[in-house]
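>>> Structure for this input, please:
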Amino acid sequence: MMAAITAARQGAGVTLLEPNERLGKKLNITGKGRCNVTNDCDQETLMANIPGNSRFLYSALTRFTPQDTMAFFEALGVPLTETTVTEQFIDGTANTVPNAVLEKVAYDNFEALGVVKHSDEEMQLAQAYIDSYEAKSDRVPGFASAESPEIAAYVKKMTDNGKLPINDFLMPLHHSMKSGAGSTDVGDVSWQTPTVQVHTACWPSGAPGHSWQNVSCGATSIAEKSMLQAGKVMAGTVIDLLTKPDVLGAAKAEFKEAAAAGYTCPIPPDAVPVAIED
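Residues are numbered from 1 along each chain as shown. Presented below is the predicted three-dimensional model:
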């Protein structure tokens with residue numbers, strides 16, 4: 001939007017396309033509704049506090065500093081306030097150690113069992129949930145879609161370009177070493193023993209994480225079917241490992257090599273439990 005405004009000021013014809021009913025609606029989720037704009041500091045201080053490689057921002061911050069950002073909004077009549085932020089450590093989780101052997105065993109079981117099929121009523125309920133999303137995402141479903149163009153193309157085809165209310169097909173098997181955020185401590189477990197995860201569609205496609213849509217859908221037959229199916233896949237995987245010592249040995253060997261560096265707890269040794277204040 002800032003680029004569009006600037007371009008329009010230079011005399012360019014500008015058209016903004018917004019999938020939501022209000023332009024810039026997603027900005028409301030930053031700063032708990034108060035909209036974080038920038039940091040009130042100089043360019044060097046800002047870059048010094050950016051995790052990872054901050055040099056890629058050097059050119060942009062040189063041409064348009066934090067002070068330029070504040071002046072931009074104030075010139076539009078948008079008053080800015082200053083907020084002081086303090087950091088409080090509350091928890092930490094380790095990255096997950098993937099295991100290709102276990103993934104193949106679990107996938108074979110999932111493929112043999114098949115995916116859950118939903119009734120017309122369940123599909124209609126899923127669509128009603130989707131219609132209630134305040135901020136819809138155009139992201140292609142599936143973790144693997146972000147890493148594989150081929151899988152992304154397959155998912156688009158199977159979901160009619162993301163229009164399917166519930167994904168009712170099995171994703172292609174994809175082994176990944178990429179770390180990602182998740183509300184689970186399975187990463188810590190995976191450093192102690194060979195680990196595999198099973199994902200099933202327990203809520204409609206594109207449901208926002210930790211949303212009321214997710215929670216309420218947990219009480220429906222949509223979630224019940226998928227959770228039972230995940231349990232069957234897990235049980236089949238365990239049976240295979242108990243009855244096929246060579247497969248279990250291969251999974252252990254892969255784990256031993258992948259976790260050779262040893263587990264490091266991400267929680268500082270001097271950290272203590274504290275109450276989270278509103």
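>>> low-confidence ranges in the stretch 1-150 of the chain?
Residues of the stretch 1-150 of the chain meeting the criterion pLDDT under 70: 28-29, 31-34, 87-89.
>>> SS state for S226?
Under DSSP: H, G, I helix; E, B strand; the rest coil, the three-state class of S226 is helix.
>>> And the closest residue to it other than its chain neighbours, how close does it get to P172?
Leaving out its chain neighbours, the residue that sits closest to S226 by C-beta to C-beta, 6 or more residues apart in numbering is T200, at 3.9 Å. Using the backbone N, CA and C atoms, a C-beta is placed for each residue, glycine as well. Note on T200: its distance to P172, by C-beta to C-beta, to the nearest Å, is 16 Å.
>>> higher neighbour count, these two?
Remark: of T200 and P172, T200 carries more neighbours, 17 against 13, as counted by other C-beta atoms under 10 Å.
>>> Would you mind measuring from L46 to Q67?
Relative to Q67, L46 is positioned 11 Å away (C-beta to C-beta).
>>> Neighbour count: these two, which is higher?
Taking other C-beta under 10 Å, L46 and Q67 do not tie; L46 has more neighbours (17 against 13).
>>> In contact with the more buried one, which residues?
Applying C-beta atoms under 8 Å, 6 or more residues apart in numbering, one finds that L46 lies in contact with 39, 61, 66.
>>> so how far is F64 from it?
For L46 relative to F64 (C-beta to C-beta), the value is 12 Å.
>>> Likewise for F255?
Distance of F255 to F64, given as C-beta to C-beta: 48 Å.
>>> Please identify which of the two sits among more neighbours.
It is F255, of F255 and F64, that has more neighbours when counted by other C-beta under 10 Å, with 21 against 15.
>>> Chain neighbours aside, what residue packs nearest to that one?
Nearest one to F255, counting by C-beta to C-beta, 6+ apart, is P194 at 4.2 Å.
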